[in-house]
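Participant: Turn this into a model:
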Amino acid sequence: MEREEPSKSLLVAVAAVFGGISATIAMLKLSFPFPPLPYLRFDLAELPVIFSFLAFGPLLGLVTSLTYWMVLTIVTMGEWLWPIGPFMKFLAIVSTFAGIWLGCKTLAKRKERSFGSLLLRMAILATLTRVSVMGAMNYAILVILVPESLIFVNYLLSTVLGLSLGSELELILLIMALTSAYNVGHVVLSLIPLAIIVQRIEKVGAFVKMAGNSWMGDFMRRMGDSANNSS
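Facilitator: This is a model prediction of the structure:
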């Protein structure tokens, strides 16, 4: 069955349900810290948003992420770096989306179009886009917007890792490296399991009644049809 375009009612329902789930997880603080920099947390609230992208497509994923951002901005009011923190979370998700989309586009130009190759390309491109965007944003915040936060981060590193850095440049480079490692880990822990779950759900036909197929599954099917027609 060919995938149908999502209706406005589906758009609203998916955005409300998955955005609400993400907001609930965020309020329950279901996350765990990245040990070297505890203020960076592996946030389970990203999972429903990324699932909505893989299952229902970029538009629904974007609307869900916007819903999550708005709710997160409200519930975290008064916390450290508010409202920059919620915006950074939104930017991390959107940059991951961009990499997933680019991974699909690059696969379309290749002859090998297996699920494994798709997953690898999505993971690599999502990692590159997220690390690049979030690295630039973290640098802007730490060095330009809120330079006093470097004192706090330096204290964290000296306390957690026992490091004594000799210069501000060394501190910034270490923060950038650790932030990159954190974002790589976040992509691996969120994207790969969810892509496998979406594929498994589609195999039992769970998406058919809602949207024909999942967005990711429909992409693979169209690529397979294109390969067969060209052979």
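Participant: okay, now residue 105: neighbour count?
Facilitator: 12 (other C-beta atoms under 10 Å). C-betas here are computed from N, CA, C, even on glycine.
Participant: Give the buried residues for the strand or helix carrying it.
Facilitator: Using DSSP states H and E, residue 105 sits in helix 84-107. By 16 or more other C-beta atoms under 10 Å, the buried positions in helix 84-107 come out as 85-86, 88-104, 107.
Participant: for stretch 189-203, same thing?
Facilitator: For stretch 189-203, by 16+ other C-beta under 10 Å, it's 190, 191, 194, 195, 198, 199, 202.
Participant: Let's test this: mean pLDDT of the host helix or strand of residue 9, rounded?
Facilitator: Element membership for residue 9 (DSSP H and E) is helix 8-27. Across helix 8-27, the average pLDDT comes to 78.
Participant: Name the residues of it that are buried.
Facilitator: The neighbour-count check on helix 8-27 (16+ other C-beta under 10 Å) flags 11, 14, 15, 18, 19, 21, 22, 23, 25, 26 as buried.
Participant: List the contacts of residue 77.
Facilitator: Residues in contact with residue 77 (C-beta atoms under 8 Å, 6 or more residues apart in numbering) are residue 83.
Participant: for it, helix, strand, or coil?
Facilitator: coil (DSSP: H, G, I helix; E, B strand; the rest coil).
Participant: what's the angle from the longest helix along the chain to helix 84-107?
Facilitator: When the chain is parsed with DSSP state H, its longest helix is helix 168-203. Computed by axes from the mean of the first three to the mean of the last three C-alpha atoms, to 10 degrees, the angle separating helix 168-203 from helix 84-107 equals 60 degrees.
Participant: Centre of the chain to helix 168-203, how far?
Facilitator: 8 Å (C-alpha atoms, centre = their mean, to the nearest Å).
Participant: cool, and stretch 163-181?
Facilitator: Counting by C-alpha atoms, centre = their mean, stretch 163-181 comes out at 24 Å from the chain centroid.
Participant: If we go by neighbour counts, what in that stretch is buried?
Facilitator: 171, 172, 174, 175, 176, 178, 179, 180.
Participant: Who's the closest spatial neighbour of the residue most central in space within the chain, skipping the chain neighbours?
Facilitator: Taking C-alpha atoms, centre = their mean, the centroid of the chain lies closest to residue 93, which sits 3.6 Å from it. Among residues not flanking residue 93 along the chain, residue 65 sits closest, at 4.8 Å (C-beta to C-beta, 6 or more residues apart in numbering).
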